[in-house]
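Q: heads up, no residue letters with this:
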């Protein structure tokens, strides 16, 4: 499944009096193709995360379109967009997005629960937890995990449904060198298995697993 952005733009008003705007993402065209891993690098505040959130269907653009498998993401009703996002897009968000009221295993299974699966894929979730080194923590609560462990939990959750598109925002943040290698291996494997993968980062480690590396500066992608 291809994700395609055309003239994608995000502006924020600076103040109601001046009418000026801050352009977080200038008009951007971007294609993410199945089986390919794209890295977008750039300094903090360059617009990388804003671009990713628009591609994920979580931040309405000021202008432009995002098509996922030929469907215009922002032309869909909110419920339809949420369903398409849950079925087709795996997201590794920046920061710690685990639900404190759920166990580690329940957090990984959350996409299947939201999807309405009568029998969530517990065996797959446990395999993913084993792959990211969290098997022994399946019944713990997120507040018992370190920052690096929470990043690995997010990666396992994003991969649960075998997403056609995988979007990762600073996926190696807070990880030691061993777990950076593990995370990058997983992202590369997802692309090799057919997903369209986008990684946004200000660190250089991801470049070596990428099919292409783009740079974002001042909201402009090059």
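A: Looks like it arrived, so ask away. Predicted model, so just to flag it, every value in this text is computed and none were measured. Numbers count the residues shown, from 1 in each chain.
Q: Give me the longest helix you can find in this protein.
A: Assignment by DSSP state H gives helix 177-192 as the longest helix of the chain.
Q: helices or strands up against it?
A: Contact here means 3 or more CB pairs under 8 Å, 6 or more residues apart in numbering; DSSP states H and E; on that basis helix 177-192 packs against strand 37-41, helix 147-159, strand 165-169, strand 196-201. C-betas here are computed from N, CA, C, even on glycine.
Q: tilt between the longest one and strand 165-169?
A: So the one you mean is helix 147-159. Here helix 147-159 points in a direction 160 degrees away from that of strand 165-169 (axes from the mean of the first three to the mean of the last three CA atoms, to 10 degrees).
Q: follow-up on the earlier one: now the helices and strands packed on helix 177-192 as CSV including distance to residue 82 and mean pLDDT?
A: Shown next, in CSV, are the helices and strands packed on helix 177-192 (distance: least, CB to CB, whole Å; pLDDT from 0 to 100):
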stretch, distance to residue 82, mean pLDDT
strand 37-41, 24, 96
helix 147-159, 16, 90
strand 165-169, 15, 95
strand 196-201, 20, 95
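Q: and residue 185, which of those is closest to it?
A: Between residue 185 and these, the tightest spacing by CB to CB is seen for helix 147-159, at 10.6 Å.
Q: Would you mark the buried spots in that closest one?
A: 148-159 (16 or more other CB atoms under 10 Å).
Q: And the helices in the protein?
A: Under DSSP H, the chain gives helices at 48-55, 78-88, 104-115, 122-131, 147-159, 177-192.
Q: Could I get the contacting residues of residue 85?
A: Residue 85 makes contacts with 56-58, 73, 91, as judged by CB atoms under 8 Å, 6 or more residues apart in numbering.
Q: Just the buried ones among the residues you listed, please.
A: 56-57, 73, 91.
Q: Dump the residues you listed to JSON lines, plus pLDDT and distance to residue 116.
A: Putting the buried ones among the contacts of residue 85 into JSON lines (pLDDT from 0 to 100; distance: CB to CB, whole Å) gives the following:
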{"residue": "56", "pLDDT": "95", "distance to residue 116": "20"}
{"residue": "57", "pLDDT": "94", "distance to residue 116": "19"}
{"residue": "73", "pLDDT": "94", "distance to residue 116": "21"}
{"residue": "91", "pLDDT": "93", "distance to residue 116": "19"}
